[in-house]
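J.: using only what follows, build the 3D model:
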Amino acid sequence: MHIDHIGIAVEDIEKAVETYENLLDEECYKREVVEDQQVDTAFFKTGESKVELLGPTDPNSVIRKYVDKQGEGMHHVAFEVEDIHAELDRLRDEGFTVLNEKPKQGADNKLVAFVHPKDNHGVLVELCQSQD
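T.: Reported below is the predicted structural model:
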């Protein structure tokens, strides 16, 4: 298991992309809208990990609600796993609150599932598995 990316919720994805291109001195290498999650994503490579910017595409999206309640900032930390189904079973057995009954399609050609922040000292944890 390793950190795949850090997700950052933003108000305005275009402005945030410009900010992070300047901050990291690196161009955004991938943009993707995940329709069923109503989120626009932008990715930056940072060594072996990535930064994922998350902007809302709909007033009722989870990211819109998050930004309205919490403000912009870190949304989640994502760990890449080899077998997301086995890892979800293991975490359930350990008593963690898994927010997804089964993994769903996420950005960057990954299966994703989330673990409730109340079990992780206030941090939303994403598990992800490449489908390549």
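
J.: how about the helices in the protein?
T.: 13-24, 62-70, 84-93 (DSSP state H).

J.: what residues sit buried inside the longest one?
T.: The neighbour-count criterion (16 or more other CB atoms under 10 Å) identifies 13, 16-17, 20 as the buried residues of helix 13-24. All C-beta atoms are positioned from the backbone trio N, CA, C, and that covers glycine.

J.: one more: the second one?
T.: For helix 62-70, a neighbour-count test (16+ other CB under 10 Å) marks 63-64, 66-67 as buried.

J.: any chance of the helices of the chain in CSV, plus mean pLDDT and distance to V51?
T.: CSV is the format used below for the helices of the chain (pLDDT from 0 to 100; distance: least, CB to CB, whole Å):
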stretch, mean pLDDT, distance to V51
helix 13-24, 97, 7
helix 62-70, 95, 15
helix 84-93, 97, 21
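
J.: is it possible to export these to a markdown table including distance to F43?
T.: As requested, these are exported to a markdown table (distance: least, CB to CB, whole Å):
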| stretch | distance to F43 |
| --- | --- |
| helix 13-24 | 10 |
| helix 62-70 | 15 |
| helix 84-93 | 20 |
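
J.: if we can go back for a sec, from the buried residues of helix 13-24, pick the one nearest G47.
T.: Each of the buried residues of helix 13-24 was scored against G47 by CB to CB, and Y20 proved nearest at 14.7 Å.
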